[in-house]
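A.B. asks: just to be clear, the model below is a prediction. Sequence and coordinates:
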Amino acid sequence: MHRNIVRAYNCLQDEHNRVRTACVKILSRKDKALQRELLRANPDDPKHHDQVLLYEESLSLGQRRRVLGLNTYGRKVERLMDALLRL
């Protein structure tokens, strides 16, 4: 891969990690142990998805909207990363 593409991919990956961390902070409600557990979990694991959905259900409406916005943005970043890999 061209170095500029690699640099762009790494920046997008960093952005994706920041978005995921922000979502986990909202979901964990300042519980550090839960935050570590959610960050260390495999994001592609179905059990992790179920656990995250349970925590999302307990959020207030404003927090749910914030998490939804972050998830939408995170998916857009993932699509850009996939597009860079196809180049």
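C.D. replies: That came through, no problem. Residues are numbered from 1 along each chain as shown.

A.B. asks: hey, C-alpha coordinates of stretch 65-73 in CSV?
C.D. replies: Output in CSV follows, covering the C-alpha atoms of stretch 65-73 (Å, rounded to 0.1, in the frame of the first residue of the first chain):
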residue,chain,number,x,y,z
ARG,A,65,-29.2,9.3,21.1
ARG,A,66,-25.6,10.1,21.8
VAL,A,67,-24.6,6.4,21.6
LEU,A,68,-26.6,6.0,18.4
GLY,A,69,-24.9,9.1,16.8
LEU,A,70,-21.5,7.7,17.8
ASN,A,71,-22.3,4.3,16.4
THR,A,72,-23.5,5.8,13.1
TYR,A,73,-20.3,7.8,12.9
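
A.B. asks: would you mark the buried spots in stretch 26-41?
C.D. replies: For stretch 26-41, burial by neighbour count (16 or more other CB atoms under 10 Å) applies to Ile26, Leu27, Ser28, Gln35, Leu38. Backbone N, C-alpha and C define where each C-beta goes, glycine included.

A.B. asks: check the gap between the first one and Val52 for me.
C.D. replies: According to CB to CB, to the nearest Å, Ile26 stands 11 Å off from Val52.

A.B. asks: and the residue nearest to Leu70 when sequence neighbours are not counted, how many neighbours does it have?
C.D. replies: Counting by CB to CB, 6 or more residues apart in numbering, Cys23 is the residue found nearest to Leu70 once chain neighbours are left out, at 4.9 Å. Neighbour count for Cys23, taken as other CB atoms under 10 Å: 22.

A.B. asks: for the helix or strand hosting Cys23, buried residues please.
C.D. replies: Using DSSP states H and E, Cys23 maps to helix 3-28. Buried residues in helix 3-28, counting neighbours by 16+ other CB under 10 Å, are found at Ala8, Tyr9, Leu12, His16, Val19, Arg20, Cys23, Val24, Ile26, Leu27, Ser28.

A.B. asks: repeat for stretch 62-75
C.D. replies: In terms of neighbour count (16+ other CB under 10 Å), stretch 62-75 has its buried residues at Val67, Leu70, Gly74.
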